[in-house]
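J.: what would the 3D arrangement of this be:
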Amino acid sequence: GYKPEELIGQSGFKMMTEEDIGSLLESLDKAKQGKISNALLNYRLKDKKGQIHYFRGSFDAVFKADGSMERIICVGENITELRKAQSEKENAFSLAAESEKLALVGQVAGKMAHDFNNILGIIMGNTELSLVDCKDDKIKKKLELIFKQTLRGKNLTKNLVAFAKDQEPKQEFFSIDEKIELVISLLKKDLEGINVNREYGHGLPELLADPGMIEHAIVNLVQNSNHAISLVEQPKIIFRTYQQN
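T.: This next block holds a predicted model:
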């Protein structure tokens, strides 16, 4: 951005960033003492608008017959674009490493979810057997709650395994209102002391989605709402469903 006449006669440091002047002065002092005849340095120059440009340069000292320094010849190369490319390359490597790590975590999580699913299967099987012979209504309700929660747990682990294996989600038609009612029932303990209002729309079409994933999403929404109103004197959660034209 400078014209030659704007720089001729000015200090050689006019365009250099202040932080880089020290290292250059140090090399200059060594050259004056005859300790070095050339130096390779990275430095930054500011253009007329104040923007920073990165340079790599060789500084060669020219000495007189008596050994004193006559002048310095500097050849500089603008490496701004090169630095940018290197930075982008480093970021790309970093992202690739992160992706590889996440993929490994997904594989481990999938293996753990598979093993945990087997444990839930044993709990579910024994609960089903207990329900067959149970005559006590109170105990029966408890067993049904255990069965529903283990079923929910199996759905969650199934989603995790599907994610780890990059499988397609299960697609089914179901009522969103019924799914909300199921979640409200499962989280009855968490919703104690909260005024729960239901405002369900009429004639809603069924959703085509993975029921386990939608249930998981609703559970998260309810838990987040529960935390958000924890300090409210009269807490209330409204479940509203509707459709547009």
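J.: please count neighbours and contacts with C-alpha atoms only from this point.
T.: Will do.
J.: quick one: list the elements packing against the longest strand anywhere in the chain.
T.: Longest strand in the chain, counting residues (DSSP state E): strand 52-63. In terms of contacts (3 or more C-alpha pairs under 8 Å, 6 or more residues apart in numbering; DSSP states H and E), strand 52-63 is packed against strand 38-46, strand 69-78, helix 80-133.
J.: which other residues reach the first one?
T.: Around strand 38-46, the neighbours that count as contacts under C-alpha atoms under 8 Å, 6 or more residues apart in numbering are 15-17, 20, 24, 27, 31, 52-61.
J.: which of those are buried?
T.: Buried subset of the contacts of strand 38-46 (neighbour count, 16 or more other C-alpha atoms under 10 Å): 15-17, 24, 27, 31, 53-55, 57-61.
J.: so which pair among those residues is furthest apart in space?
T.: Farthest pair in the buried ones among the contacts of strand 38-46 (C-alpha to C-alpha) is Ala31 and His53. Separation: 25.7 Å.
J.: spatially central residue for this protein, please.
T.: Nearest to the mean C-alpha position of the chain, by C-alpha atoms, centre = their mean, lies Glu98 at 9.9 Å.
J.: quick check: mean pLDDT across the helix or strand that Ser185 is a member of?
T.: Using DSSP states H and E, Ser185 falls within helix 176-186. Mean pLDDT, helix 176-186: 90.
J.: give me the residues contacting that helix.
T.: If you take C-alpha under 8 Å, 6+ apart as the criterion, helix 176-186 is touched by 145, 148-149, 191, 200, 206-207, 211, 215, 218-219, 239, 241.
J.: same thing with stretch 29-37?
T.: Residues outside stretch 29-37 that contact it (C-alpha under 8 Å, 6+ apart) are 27, 38, 60-62, 67-69.
J.: closest one of the residues you listed to Gln107?
T.: Of those, the one sitting nearest to Gln107 (C-alpha to C-alpha) turns out to be Ser27, at 54.2 Å.
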